[in-house]
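Chemist: Compute the structure for the input listed below.
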Amino acid sequence: MHHSNKEKDDDKLVVVPNNVNYSDGQIAALTEFQERWFKSKIVRG
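Modeler: Numbers count the residues shown, from 1 in each chain. Take a look at the predicted model:
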């Protein structure tokens, strides 16, 4: 999955161990410190 910043065209890859499954809300909370100034969305693929 990756965390896509709509305003900066600056995608970030989120990598977790195979046995870990974060919800979109958990990922948003964990990346908020860096993305709080921008509109972003989480894309799973």
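
Chemist: Next secondary structure after the host helix or strand of residue 27?
Modeler: Per DSSP states H and E: residue 27 is located in helix 24-35. Note on helix 24-35: by DSSP H and E, the next helix or strand toward the C-terminus is strand 40-43.

Chemist: That next one packs against which elements?
Modeler: For strand 40-43, the elements it packs on are strand 2-5, helix 24-35, judged by 3 or more C-beta pairs under 8 Å, 6 or more residues apart in numbering; DSSP states H and E. Using the backbone N, CA and C atoms, a C-beta is placed for each residue, glycine as well.

Chemist: In that strand, which residues are buried?
Modeler: Across strand 40-43, burial judged by 16 or more other C-beta atoms under 10 Å covers 40, 42.

Chemist: One more: stretch 15-29?
Modeler: residue 27.

Chemist: Out of the helices and strands packed on strand 40-43, the one nearest residue 45 is which?
Modeler: Among the helices and strands packed on strand 40-43, the nearest to residue 45 by C-beta to C-beta is strand 2-5 (7.5 Å).

Chemist: Give me the next element, helix or strand, following that closest one.
Modeler: Downstream of strand 2-5 (by DSSP H and E), the next one is strand 12-13.

Chemist: in its sheet, what does that next one sit against?
Modeler: Its sheet considered, strand 12-13 pairs with strand 2-5 (antiparallel) by DSSP bridges.
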